[in-house]
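Peer 1: Predicted model follows, preceded by the sequence.
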Amino acid sequence: MAEVVVVDSKAAAGALIADEIAELIRRQPDVVLGLATGSTPTPVYEALPSRLQGVDVSRVRGFALDEYVGLDPQHPETYRNVITREVVEPLGLNPELIHTPNGDPASIEHAGDDYEAAILAAGGVELQILGIGTGGHIGFNEPGSSFASQTRVKTLTAQTRSDNARFFDSIDDVPMHCVTQGLGTILRARHLVLLAFGEGKADAVAGAVEGPITSSLPGSAIQLHPHATVVVDEAAASKLQHLDYYRYAYDNKPDWQGL
């Protein structure tokens, strides 16, 4: 089962995961990180700079979860630009070592295979940051996605486009398609860290952690992973049936186990 850690704020979640990532970089300077976008991982990225002062990050590598198809490369909401703005520049990473899928329609037919090959060539992702959508998707793996799926083109649901419309002038500007790491790709990462905040995510979190493993709720794939950590605030944790046990287990966790 996934380890569930309940914190009192987004800032506390960001500090907890930032500490883990910073220690990982110290131990393994060329570590491969899996980078999520959206508002959920922002507290992690905001907490990292102070923890990496004096740490050599020039060899850190990264792979974003997904990218929109057909969005102008200059658009501020391409995930390449978001990752550059929120992660690469604040942390001083080498942009040549940080990758996003290629959303250019001219090469879209092999974009998924190219990205899979790049991840494998890098030795795989050590720690993958994840958020979860209100419909239970991780990455852009919408309901019905295969647990064996690899990086590929997906059609975004109306709900996902509506959720992401806040980053655009209108919902009509949100692309219809994306290139996303598949659930099988995500499950190859050696450590999954899923974050969720707010009451609006409570149903998705409960389904992912305690519900049946089903393609109808792609986030439930984390139950198949040997090292998955779910970090949530009180509101997002509010519908977990075994919440008392998760608190008890975390409070009594041996120090040597780490996160």
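Peer 2: Noted; the coordinates are in hand.
Peer 1: Can you name the residues that contact the closest residue to Val232 other than its chain neighbours?
Peer 2: For Val232, ignoring the flanking residues on the chain, the nearest one in space by C-beta to C-beta, 6 or more residues apart in numbering is Ala196 at 5.0 Å. C-beta here means a position set from N, CA and C on the backbone, and glycine is covered the same way. Residues touching Ala196, when contacts are defined by C-beta atoms under 8 Å, 6 or more residues apart in numbering, comprise 40, 131-132, 204-205, 230-233, 236.
Peer 1: In TSV: those residues, plus distance to Ile222 and neighbour count.
Peer 2: Output for the contacts of Ala196, formatted as TSV (distance: C-beta to C-beta, whole Å; neighbours: other C-beta atoms under 10 Å):
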residue	distance to Ile222	neighbour count
Thr40	15	21
Gly131	12	22
Ile132	9	26
Ala204	11	25
Val205	10	26
Val230	7	26
Val231	12	25
Val232	13	26
Asp233	18	20
Ala236	14	26
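Peer 1: ok, so of those residues, who is nearest His177?
Peer 2: Gly131 (19.7 Å; C-beta to C-beta).
Peer 1: which one is that closest one nearest to, not counting chain neighbours?
Peer 2: If the residues on either side of it in the chain are set aside, Gly131 comes closest to Thr40, at 3.5 Å by C-beta to C-beta, 6+ apart.
Peer 1: So which of the contacts of Ala196 are in helices?
Peer 2: Residues of the contacts of Ala196 located in helices (DSSP state H): 204-205.
Peer 1: hang on, Val6 packs against His242?
Peer 2: No - Val6 is not in contact with His242 according to C-beta atoms under 8 Å; the separation is 11.6 Å.
Peer 1: one step back: pLDDT at the residue nearest to Val232, what is it?
Peer 2: The predicted local confidence for Ala196 comes out at a pLDDT of 98.
Peer 1: who has more neighbours, Val6 and His242?
Peer 2: Higher neighbour count among Val6 and His242: Val6, with 19 against 14, using other C-beta atoms under 10 Å.
Peer 1: Can you give me the buried ones in stretch 251-259?
Peer 2: Leu259 (16 or more other C-beta atoms under 10 Å).
Peer 1: With just CA atoms, put it into PDB.
Peer 2: Below are the C-alpha coordinates for stretch 251-259, written out as PDB (Å, rounded to 0.1, in the frame of the first residue of the first chain):
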ATOM      1  CA  ASP A 251       4.300   8.800  13.500                       C
ATOM      2  CA  ASN A 252       6.000   5.500  14.400                       C
ATOM      3  CA  LYS A 253       8.000   5.000  11.200                       C
ATOM      4  CA  PRO A 254      11.600   4.000  11.800                       C
ATOM      5  CA  ASP A 255      14.000   6.900  11.000                       C
ATOM      6  CA  TRP A 256      16.200   4.700   8.800                       C
ATOM      7  CA  GLN A 257      13.300   4.200   6.300                       C
ATOM      8  CA  GLY A 258      13.300   7.800   5.200                       C
ATOM      9  CA  LEU A 259      10.400   9.000   3.000                       C
END
